[in-house]
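*Asks:* when you get a sec, could you give me coordinates for this:
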Amino acid sequence: MRFAKPPKTYAEQLDLLIERGMQVGDRSDALSYLAHLNYYRLAAYWLPFEQDHSNHSFRPGTSFDLVLDHYIFDRELRLLVMDAIERVEVSVRAQWAYHLAHAYGAHAHLDPALFKPGWRHGENVAALQESVRQSSEVFVRHFRRYDEALPPLWVTCEFMTFGQLSRWYANLRHGRDRNAVAHVYDLDEVNLVSFLHHLCIVRNYCAHHSRLWNREFTISWKLPTHRPAQLPGAFNLQDGKRLYNTLTMLAYLMDIINPGHHWKQRLFELFSRHPGVWPRSMGFPDDWRARPIWKGRLA
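*Replies:* Below you'll find the model as predicted:
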């Protein structure tokens, strides 16, 4: 069986939406958004407003402007999440390099004995070597005079992608080394390992401009259960596969990494600018604003 439907013009796409019950105010604006955003990108945002998916008819009151508002909200949300992820990535990278260098020396990352036996240490070193070789950074030239396979930890870590950092941290052989990093944030290593892996997935969605709003992640990360004392109560245990728990952990980490930040306030303002977006669609409990993490920094 082959796909036989012909492509539709922007006008035909809009007429189809109107036929299915979507209200359109300014036709010219709607056509412009379809031209620059793509019908199927926007489809992810109007899908929850369908009352009958078999014929794609919309619930009464569904407008193009409402769908567009959810798209704009999601775009702004991704930028806010990326801001926090960047700070977490840079911080964990610095802590990972600092601990290993002081515990085992400047080139601890070259010692396979410090990493789990099943991990392909040599292949991962080679991947970093290639990144360093291709780099045009001025500060790398200084280290090319030395005989080591890679520059010292505090230099090499700057060439790691977030995914590489997550794996180099998760595959440290000893729990004490993983905990040395996690305890900086008053977390257990099992939680930080899981959350960093989850953040890599979230970051990829953001980097590829994919939807965060209303997304259900296929795998839940391991929520902290006892430390720090007030954090476990901030999570939504009934809906753990949506974005709320991710945002909660990011808010907690931002309080530690950058105590003077306004990240939580910016999230509040985002919801204020888009009152038609329901926080519940992202796993927010009804009383989320009353929970201590959102009222101030946890003690």
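*Asks:* residues near Leu253, how many?
*Replies:* Under the neighbour criterion other C-beta atoms under 10 Å, Leu253 is assigned a count of 22. C-betas here are computed from N, CA, C, even on glycine.
*Asks:* which elements pack onto the helix or strand hosting Asp83?
*Replies:* Here Asp83 sits within helix 64-104, counting by DSSP states H and E. With contacts taken as 3 or more C-beta pairs under 8 Å, 6 or more residues apart in numbering; DSSP states H and E, helix 64-104 sits against helix 27-37, helix 39-46, helix 153-156, helix 162-170, helix 175-182, helix 189-207, helix 243-257, helix 263-273.
*Asks:* need the winner for burial among those.
*Replies:* Highest mean neighbour count among the helices and strands packed on helix 64-104 (mean count of other C-beta atoms under 10 Å): helix 243-257, with a mean of 22.
*Asks:* please state the offset of that helix from the chain centre?
*Replies:* With C-alpha atoms, centre = their mean, to the nearest Å as the basis, helix 243-257 stands 11 Å off its chain's centre.
*Asks:* hmm, who's touching it?
*Replies:* 81, 84-85, 87-88, 91, 184-186, 195, 198-199, 202, 212-213, 215, 221, 223, 228, 231, 234-236, 261, 263-264, 267, 279, 282-285, 288, 293-294, 297-298 (C-beta atoms under 8 Å, 6 or more residues apart in numbering).
*Asks:* ok, now stretch 10-23?
*Replies:* 8, 24, 27, 30-31, 34-35, 39, 46, 55-64, 67.
*Asks:* burial measure for the residue lying closest to Leu77 once chain neighbours are set aside, as a count.
*Replies:* Using C-beta to C-beta, 6 or more residues apart in numbering and skipping residues adjacent in sequence, the residue nearest Leu77 is Leu212, 5.5 Å away. Leu212: 21 surrounding residues under other C-beta under 10 Å.
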